[in-house]
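S.K.: Return a 3D structure for these sequence lines:
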Amino acid sequence: MAASTSSGAGGGDAPRPARSATTRSTTARPSTPHPGTPHPGAPRPAGSRSDATRGAILTAARERFAADGYERATIRAIARDARIDPSMVMRYFGSKEGLFAAAVALDLRLPDLTGIAREEVGRALVRHFLGLWEENEELTAVLRVGVTNPAGAERLRGMFRDQLLPVVRQACPDPEQTPARAALVAGQLLGLALTRYILRLEPAVALAPEEITAWLAPTVQRYLTAAHP
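M.R.: Reported below is the predicted structural model:
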């Protein structure tokens, strides 16, 4: 009798070879970052570095101008405060004037004309501006920069638009004429500041504030409240 075939350990089919090509490894792989996500160790983009440098310069400039004033503050001191080379300040802002125009924001603290007698609004505005010019070196510096530097000119235009226009509108009898009347008021006040504080024309410097107010207030009053020229 033929012997039967056994599947036991001692005989039978040979064991099947183990899979290798298709078997998945259970070892965890590092996740692939999203295409727009920077690697934690990657260098910062040039734009980010540029913004950070510009911000550091502006912060240092504001503090230095506030502490030393426009005339005494230097590019070298500002660069030292910002911990950068002075050439970088010039690269970003071109000049001390350009830096000042970008860094300094001035609040003219203009009076609320609605709380002043209508016949006194011109006098109140002239007195207020005279007080600012006499006490605020930064305002004089902004005017000086504004006549020589495009950034400074833009800063002056912004002050006119955002601060003077709303005040003139309070007294103007015709809202449509507000921009023209505000420009006339600005012409009187900035002209005075230019001759007295920038050019320092001797007759303008010699005038007492009370005299300036007596001369200018009626003109500014007419610009603000007259029904027509």
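
S.K.: Is it correct that V126 is in contact with L189?
M.R.: Yes - taking C-beta atoms under 8 Å as the definition, V126 is a contact partner of L189 at 7.3 Å. Using the backbone N, CA and C atoms, a C-beta is placed for each residue, glycine as well.

S.K.: And for L216, the neighbour number?
M.R.: Residue neighbour count, defined by other C-beta atoms under 10 Å, stands at 22 for L216.

S.K.: I meant to write E71 there.
M.R.: E71, neighbours per other C-beta under 10 Å, totals 11.

S.K.: circling back to that earlier point, which of V126 and L189 has more neighbours?
M.R.: V126 (25 against 20).

S.K.: wait, what's in contact with that one?
M.R.: V126 makes contacts with 189, 212-213, 216-217, 220, as judged by C-beta atoms under 8 Å, 6 or more residues apart in numbering.

S.K.: Touching both of V126 and L189, which residues are there?
M.R.: Joint contacts of V126 and L189 (C-beta under 8 Å, 6+ apart) are 216, 220.

S.K.: hang on, isn't A182 packed against M159?
M.R.: No - A182 is beyond contact range of M159, at 11.3 Å (criterion: C-beta under 8 Å).

S.K.: Run the chain-centre distance for stretch 102-122.
M.R.: 22 Å (C-alpha atoms, centre = their mean, to the nearest Å).

S.K.: Pull out the buried positions in it.
M.R.: 102-104, 106, 108, 110, 113, 116, 121-122 (16 or more other C-beta atoms under 10 Å).

S.K.: Sitting in helices, which of those do you find?
M.R.: 102-103, 121-122 (DSSP state H).

S.K.: Of those, which is the nearest to T59?
M.R.: A103 (8.5 Å; C-beta to C-beta).

S.K.: Kindly state the pLDDT recorded for the closest one?
M.R.: What the model reports for A103 is a pLDDT of 87.

S.K.: heads up, I number from 81, so please use that
M.R.: In the new count, where the first residue is 81, that last one comes out as A183.

S.K.: coming back round to it: nearest to D161 among the ones in helices among the buried residues of stretch 182-202?
M.R.: Nearest member of these to D161, counting by C-beta to C-beta, is A183, at 12.0 Å.

S.K.: Backbone dihedrals for V184, please?
M.R.: In terms of degrees, to the nearest 10, the main-chain angles of V184 are phi -100, psi 130.

S.K.: can you pull the contacts of it?
M.R.: Contacts of V184 (C-beta under 8 Å, 6+ apart): 141-142, 145, 218, 221-222, 235.

S.K.: Return the item of those having minimum pLDDT.
M.R.: E218 (79).

S.K.: Show me how far the strand or helix carrying it is from its chain's centre.
M.R.: Taking DSSP states H and E as the definition, E218 sits inside helix 217-226. Chain-centre distance of helix 217-226: 16 Å, with C-alpha atoms, centre = their mean.

S.K.: Sounds good, over and out.
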